[in-house]
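Student: What shape does this take:
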Amino acid sequence: MAYLGYKKDIAEEYNMNKVQLGRNFYACLWIFFLESILVWLIIKSVVIDRSKLVSVPSIEVFICRFFLSLLLHFEHTEDVKQGTNMMLYLNTNPEEFSSTFFPFVIALLQAFGGLLAEAISLLMLSIRTTVGDCITSFIAFKVLSSIDNIYAESLTDFALEEAVEKPLIYKNDYKKIAFTDRSLSHKIIRIVWKSLDLFCHTVYYYFIPLSINFIPYIFPCPG
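Tutor: Okay, here's the model as predicted:
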């Protein structure tokens, strides 16, 4: 919703001013900061404060870890896709936005938030030694990844909620815009988007859930 506030036609339709745009942007930063604090606390408790990191599980736990990591991957993939799509739309239709920096930061937080949440969820699942612990971790990370949605649903008087239902229509073809014709800021956005898109389509979408099978062997318990 904060991203759409910088789209000129939506800002005009919903009478968005700089104060509202600033409030929405800082809300995005606050949500990302909150998620980062929770991630740090998890890392501290399961990595820094533990003498043993992971162990090779029984076959039941092994199977449970894999299927739960797959379910979490489906959840986080949508966040990452949304972030990269927001970057691409901004980069393809820059004339529709009142600012380039703020929508780009929001899109970046969306994409990297999903990647970070999935990385930590894989680490957490990899140290669980019972099926019950695996399911508990799954539920906990399901809540963690939904913090932004919980915040958005709590806003009962937020005008931009209606704008979210409207599809973003591409007026330009990004393939027909030469790299040299882009401004410096949009060249940077293009490079960031292309790098993320390449990573997602070659590694992230297909192989990340499988990494849960290898983490116990990369970081085995001593002794």
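Student: Report the mean confidence score over stretch 85-98.
Tutor: Averaging pLDDT along stretch 85-98 gives 90.
Student: Mind listing what's buried along that stretch?
Tutor: 85-94, 96-97 (16 or more other C-beta atoms under 10 Å). Bear in mind the C-beta positions are built from the backbone N, C-alpha and C, glycine included.
Student: now the residues you listed as a markdown table including distance to residue 127 and secondary structure?
Tutor: Formatted as a markdown table, those follow (distance: C-beta to C-beta, whole Å; DSSP: H, G, I helix; E, B strand; the rest coil):
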| residue | distance to residue 127 | secondary structure |
| --- | --- | --- |
| 85 | 33 | helix |
| 86 | 33 | helix |
| 87 | 33 | helix |
| 88 | 36 | helix |
| 89 | 39 | helix |
| 90 | 38 | helix |
| 91 | 39 | helix |
| 92 | 42 | helix |
| 93 | 44 | coil |
| 94 | 45 | helix |
| 96 | 46 | helix |
| 97 | 43 | strand |
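Student: Pipe the residues you listed into CSV and attach distance to residue 179 per row.
Tutor: Listed next are those as CSV, based on distance: C-beta to C-beta, whole Å:
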residue, distance to residue 179
85, 20
86, 20
87, 15
88, 14
89, 18
90, 16
91, 11
92, 13
93, 16
94, 14
96, 20
97, 19
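Student: quick one: which of those residues is nearest to residue 3?
Tutor: Distances from residue 3 to those, taken as C-beta to C-beta, are shortest for residue 86 (5.5 Å).
Student: ok, that closest one to residue 97 distance?
Tutor: 11 Å (C-beta to C-beta, to the nearest Å).
Student: Check residue 118 too.
Tutor: Per C-beta to C-beta, residue 118 is found 29 Å from residue 97.
Student: and what of residue 181?
Tutor: Taken as C-beta to C-beta, the span from residue 181 to residue 97 is 17 Å.
Student: Ok, residue 195 next?
Tutor: Distance, residue 195 to residue 97, by C-beta to C-beta: 21 Å.
Student: Which residue is the nearest non-sequential neighbour of the residue nearest the centre of the chain?
Tutor: Residue closest to the average C-alpha location in the chain (C-alpha atoms, centre = their mean): residue 114, at 2.3 Å. With C-beta to C-beta, 6 or more residues apart in numbering as the criterion, residue 114 has its nearest non-adjacent residue at 3.2 Å, and that residue is residue 79.
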